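Peer 1: Predicted structure and sequence below. I'll ask about it afterward.
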Amino acid sequence: MYLAFDLKCSLEALDAKRNNALHVAIQTENIDLIKKLVHIDSDQGQMRAHKNANNVTPVELAGVRYSDYLITIWDRVKQGNIHKIRDLVQSNNLITNVHISRRTTVYHINMQTYSLLNTPLHIALMTG
């Protein structure tokens, strides 16, 4: 992430196959980068929705293997999936960080999105 934050590289850049950084992170199985890019993408979802030259989004490319990393707590709020939100927050409180860091992203109920700084409560109020 040194390139993205310190050198201000564009996260919207595409390679010759129209893959964005999230496509590449999934292809190279870089879990830490996947988590960071999804958090950066948490407000708009554009990176996760972008289709490459093969008409495949990062979410589709990830399939079941990385799906836990690609759906955020804010996505669950937008879906109105209160049970899943409760599960995410409770599991983070009950399971050791070693286990969580290998399978899912750690969320807490007051965590903010990357650029607009919305909490799950903000999202819930905006989406009704």
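Peer 2: Structure's in. What do you need? Residues are numbered from 1 along each chain as shown.
Peer 1: where in this protein is pLDDT low?
Peer 2: 1-8, 88-105, 128 (pLDDT under 70).
Peer 1: Geometric centre of it: which residue is closest?
Peer 2: When C-alpha atoms, centre = their mean is applied to the chain, the residue found nearest the centroid is Val38 (2.5 Å).
Peer 1: Correct me if wrong: that residue contacts Ser67.
Peer 2: No: using C-beta atoms under 8 Å, Val38 is not in contact with Ser67, being 11.1 Å away. Placement of C-beta: from N, CA and C, glycine included.
Peer 1: returning to that earlier point: list the buried residues of whichever strand or helix holds the residue nearest to the centre of the chain.
Peer 2: Counting by DSSP states H and E, the element that carries Val38 is helix 31-40. For helix 31-40, a neighbour-count test (16 or more other C-beta atoms under 10 Å) marks Ile31, Leu33, Ile34, Lys35, Lys36, Leu37, Val38, His39, Ile40 as buried.
Peer 1: for stretch 117-124, same thing?
Peer 2: Neighbour-count burial for stretch 117-124 flags Asn118, Thr119, Pro120, Ile123, Ala124 (criterion: 16+ other C-beta under 10 Å).
Peer 1: who's in contact with it?
Peer 2: 43, 73-74, 76-78, 85, 109-113, 126 (C-beta atoms under 8 Å, 6 or more residues apart in numbering).
Peer 1: From these, which land in helices?
Peer 2: Ile73, Trp74, Arg76, Val77, Lys78, Ile85, Met126 (DSSP state H).
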